[in-house]
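J.: Below are the sequence and a predicted model; questions follow.
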Amino acid sequence: MSVISDPVISIIVVGFHHKKGCQVEHCYPELVAGRPMELPTAWRHLPALALPDGSHNYLSDIIFFTLPGLSEPEHTVFGISCFRQIPVEQVVLKTEDMTRSSVQKSVCVICRAPLFGRLAIKLELVVRAWFLQGDFSQTKLLEDAFKHLNNCPIQMDQMLEGLSVQRLIENWRHKALLLFKLLLLRKKVLIYGAPAGSVSAALLSVLSLLPLCVEKGLNRAANVILSRPLSPIFVDNEQTLNNIDTGTEIMESYVNGSEQNDELSQKENENMREEKDRVSRQSFDENVLTDVVDRQELTSGREKCHSIGEKYKSQKPLLDAQQSPTMARDMSVDGLCNLTGQINQAECGFPLSLFQEGYLCLPYLSLQYLDWLADPAVEGFVVGASNVLFKQKRQLFDVLVELNEMRIETSDLTLKRQLVLSTEDLRFADHVVRHGMTQGDGWIRDQFTSYLIYLLRTSLLPGIYILCFP
């Protein structure tokens with residue numbers, strides 16, 4: 001098992017100033033020589049990621065995000081931000097800028113590998129102890145934590161710690177498979193909810209269902225050559241893009257159980273055009289959200305969008321004897337999973353080449369990145385957001401995932417067809433839902449790995465487009 005040495009690049013303190021907003025208060029070690037409170041240009045929006053929108057409504061939160069590398073522009077680095085808020089009376093040494101009733105600060109760890117859950121647990125303990133000091137000018141505790149984290153080698157198999165797919169299956173049930181298929185289709189997906197920490201954690205939990213995706217598949221998840229010079233992402237004009245991996249193209253063609261380039265009927269095409277026209281005409285002015293009457297009109301308009309997976313709404317699990325015999329799967333079918341467990345995942349092309357060539361994975365985005373998503377170089381993305389302005393810009397994304405409401409919406413009729421769960425899909429999802437709570441995270445991930453391997457195998461068979469489970 002490979003070991004990651006010196007995983008932490010820097011530890012950064014971000015505070016909220018009543019006039020200047022979010023700003024860096026300390027970096028260790030310094031990222032800009034001689035300027036401990038300054039960030040490199042490519043990371044200039046890090047303070048807004050560390051102190052997300054709406055964070056003042058919570059006493060604490062942990063947010064995950066990604067940034068482009070500094071020394072290697074084609075490499076992605078990973079951020080864990082631990083936010084806390086305490087009453088100003090608990091601060092021993094007050095400063096002139098503490099004019100509000102509470103003090104909000106966030107401590108970020110920037111690391112070379114996606115050690116989200118692993119480092120989040122340790123960072124939370126460090127931040128709690130630092131706040132108990134009541135003197136934020138004393139940063140020795142944070143500097144000692146930086147050294148300690150780098151002196152504790154971490155193994156590759158520890159990257160998935162803290163990313164609970166059990167909770168994902170418990171909340172989303174059969175619709176978890178819809179989220180899984182969305183990733184394979186490489187669409188523009190916005191996951192919206194609050195608080196920001198829950199959004200970023202849920203997004204990464206879905207990613208962890210893809211074999212080796214979190215461990216090895218996010219190396220270019222925050223990197224793209226943008227056409228706008230003021231973009232927050234590093235731009236290297238000498239960098240060239242390669243063709244999309246052919247395996248990914250096959251997945252896009254067969255992920256729904258049939259080829260995606262089937263021609264739609266004339267009536268469906270007309271419906272699609274009408275739907276796109278309606279969405280483009282729909283206005284989401286911020287003032288509407290403050291008016292009760294207009295808000296009801298907005299809600300009724302939004303419901304015209306196609307909601308995916310409504311017939312798979314969460315329900316109380318039925319007893320085995322009450323379930324339909326056509327849906328029941330005996331545990332002995334795990335023999336299929338055991339067979340695929342003997343396959344070398346690297347030989348299957350895992351991790352799939354999803355997050356590259358203009359397709360991005362950003363577990364959390366602040367409002368500063370809103371217009372950036374419209375850049376022509378951004379071909380697709382899966383991003384998390386907690387600011388309502390993201391949700392209002394429907395022209396920027398193909399699919400809206402309402403995390404708190406557990407709702408998936410799209411105005412694309414073709415995409416809706418592609419995401420319909422077949423009978424075989426429902427059998428698989430039913431098996432995972434019924435047994436996942438007792439079998440654990442590892443078992444659930446093994447089931448999805450097996451599903452994906454059989455899906456890849458099926459895509460290579462001429463004339464057979466449906467993934468079959470006994």
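T.: On my side now, so go ahead.

J.: So what would you say the end-to-end distance of stretch 133-151 is?
T.: 24 Å (C-alpha to C-alpha, to the nearest Å).

J.: how far is that stretch from where the chain is centred?
T.: Offset of stretch 133-151 from its chain centre (C-alpha atoms, centre = their mean, to the nearest Å): 29 Å.

J.: What of stretch 149-157?
T.: On C-alpha atoms, centre = their mean, the centre of stretch 149-157 falls 23 Å from the chain's centre.

J.: So for it, what gets flagged as buried?
T.: 149, 154 (16 or more other C-beta atoms under 10 Å). (Each C-beta comes from the backbone N, C-alpha and C, glycine too.)

J.: Over to stretch 453-464?
T.: 453-456, 458-459.

J.: ditto for stretch 157-174
T.: 158-166, 168-169, 172-174.

J.: and if you look at stretch 8-16?
T.: Result for stretch 8-16 [16+ other C-beta under 10 Å]: buried residues 8-16.

J.: gap between the residue nearest to Leu177 when sequence neighbours are not counted and Leu421?
T.: Excluding the flanking residues, the one nearest Leu177 by C-beta to C-beta, 6 or more residues apart in numbering is Ala429, at 4.7 Å. Computed as C-beta to C-beta, to the nearest Å, the Ala429 to Leu421 distance reads 7 Å.

J.: again with Val165
T.: Val165 is 18 Å from Leu421, by C-beta to C-beta.

J.: likewise Gly134?
T.: For Gly134 relative to Leu421 (C-beta to C-beta), the value is 54 Å.

J.: which residues of this structure score low on pLDDT?
T.: Within the chain, the stretches with pLDDT under 70 are 1, 73, 228-306, 309-336, 338-342, 463-470.

J.: Show me the strands in it, by range?
T.: 3-4, 8-17, 21-28, 60-68, 76-87, 102-111, 154-155, 188-192, 306-308, 359-362, 380-385, 399-402, 407-410 (DSSP state E).

J.: so which of the ones you listed comes closest to Ala145?
T.: strand 8-17 (6.7 Å; C-beta to C-beta).

J.: quick one: that closest one to strand 60-68, angle?
T.: 120 degrees (axes from the mean of the first three to the mean of the last three C-alpha atoms, to 10 degrees).

J.: Can you pull up the most central residue in this protein?
T.: Leu203 (2.9 Å; C-alpha atoms, centre = their mean).

J.: ok, that one to Val189 distance?
T.: For Leu203, the distance to Val189 - C-beta to C-beta - is 9 Å.

J.: which residues do these two both contact?
T.: 382-383 (C-beta atoms under 8 Å, 6 or more residues apart in numbering).

J.: ok, back up a step: just send the strands of the chain back as JSON lines, with distance to Asp446 too.
T.: Converted to JSON lines, the strands of the chain look like this (distance: least, C-beta to C-beta, whole Å):
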{"stretch": "strand 3-4", "distance to Asp446": "23"}
{"stretch": "strand 8-17", "distance to Asp446": "31"}
{"stretch": "strand 21-28", "distance to Asp446": "40"}
{"stretch": "strand 60-68", "distance to Asp446": "24"}
{"stretch": "strand 76-87", "distance to Asp446": "25"}
{"stretch": "strand 102-111", "distance to Asp446": "27"}
{"stretch": "strand 154-155", "distance to Asp446": "19"}
{"stretch": "strand 188-192", "distance to Asp446": "24"}
{"stretch": "strand 306-308", "distance to Asp446": "26"}
{"stretch": "strand 359-362", "distance to Asp446": "22"}
{"stretch": "strand 380-385", "distance to Asp446": "23"}
{"stretch": "strand 399-402", "distance to Asp446": "25"}
{"stretch": "strand 407-410", "distance to Asp446": "25"}
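
J.: Alright, I will stop here.
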